[in-house]
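Structure for the following, please:
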Amino acid sequence: MCNCTGNTTCDPINGCVCFEGFTGKHCTDACSSGRYGVNCGKECFCAQNAKCDPVTGMCLCPAGWFGNHCTKECKFGKFGKDCNETCNCSDEETCDVKTGQCSERVNLNADPEINESKSAVTIYIMMAAAVIGLVCVVTMILKAKEALCRMVQKQKSDSTKLKIKRRKDHRRPSNHNENSQTVSFTAETEMSALEPSFEEDLYCEIQDTNATEPVGINAKMSLRSFSQN
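Have a look, this model is predicted:
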């Protein structure tokens, strides 16, 4: 036997047939949050954590929002429940859609431009620093190469002078013919000593060749004239 509240009907099989918004054996329980309709058989879909009318299923939007599912924010100048209140803010201020409180407007378009400008300046500074660093490295390499070439040339020159001095001490002329041969031998030794070494790098090789080539030609011409005499 049914014991339904109000004017609800009794189904002999299913029991009490509750009105919209109620459920339970005796139709005394209200629909839980998010449910509505006969026996709370339908589901609500409301945004902003809004409650749902258990009878109609209409979303009960909080202050600052409106629409069937509470997805629309109050338009500019409006606030409150169902956006029925009017803001009293100046054009340079914004109105809080919930409370109507005025606050200074923030220019959202200014920040991206400032950030972009700062980023561009940072990139230019980094590029300039990289170029300066590269120039310094290249300059140091060239200076080191030049110093190395000078050191190699000096060592070679000192070694050549020492060898020539030793050969002169061991080969002393006994007559005019031997003197001619000794002079010829010494001159040829000097010419061979002045020729560049192929083991040096390209920079040193080109510099030494240009400097010693005229000396070798003049020395050979002098030897030929001396031999003919």
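
just the helices in this protein please.
110-170, 176-194, 202-228 (DSSP state H).

Residue 93 is in contact with residue 103, correct?
Yes - using Cβ atoms under 8 Å, residue 103 makes contact with residue 93 at a distance of 6.2 Å. C-betas here are computed from N, CA, C, even on glycine.

Share the number of residues neighbouring residue 138, please.
10 (other Cβ atoms under 10 Å).

Can you give me the neighbour number for residue 153?
17.

pLDDT at it, what is it?
At residue 153, the predicted lDDT confidence score is 82.

Domain-wise, how is this structure divided?
Annotated domains of the chain cover 1-58, 61-106, 129-228 [automatic domain parsing].

Where among the ones you listed is average confidence lowest?
domain 129-228 (a mean of 62).

which residues does residue 59 bridge with?
residue 52 (DSSP bridges).

Enumerate every residue touching it.
44, 45, 46, 47, 50, 51, 52, 53, 67, 68, 69, 70 (Cβ atoms under 8 Å, 6 or more residues apart in numbering).

what about burial for these, which qualify?
44, 46, 50, 52, 70 (16 or more other Cβ atoms under 10 Å).

Kindly reformat the residues you listed as a markdown table containing distance to residue 23.
As requested, the buried ones among the contacts of residue 59 are exported to a markdown table (distance: Cβ to Cβ, whole Å):
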| residue | distance to residue 23 |
| --- | --- |
| 44 | 15 |
| 46 | 19 |
| 50 | 21 |
| 52 | 14 |
| 70 | 24 |
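
got a list of what residue 38 touches?
Residue 38 touches 17, 18, 19, 20, counting by Cβ under 8 Å, 6+ apart.

Buried members of the residues you listed into ChimeraX, please.
Buried subset of the contacts of residue 38, written as a ChimeraX selection, criterion 16+ other Cβ under 10 Å:
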select :18,19,20
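
gap between the two ends of stretch 97-117?
34 Å (Cα to Cα, to the nearest Å).

ah, wrong one, I meant stretch 22-38
First-to-last residue span, stretch 22-38, Cα to Cα: 7 Å.

repeat for stretch 39-58
With Cα to Cα, one end of stretch 39-58 sits 16 Å from the other.

do stretch 82-96 as well
Termini of stretch 82-96 sit 14 Å apart (Cα to Cα).

residues touching the nearest residue to residue 10 once chain neighbours are set aside, list them.
Excluding its sequence neighbours, the residue lying closest to residue 10 (Cβ to Cβ, 6 or more residues apart in numbering) is residue 2, at 3.2 Å. Residue 2 is in contact with 10, 11, 15, 16, counting by Cβ under 8 Å, 6+ apart.
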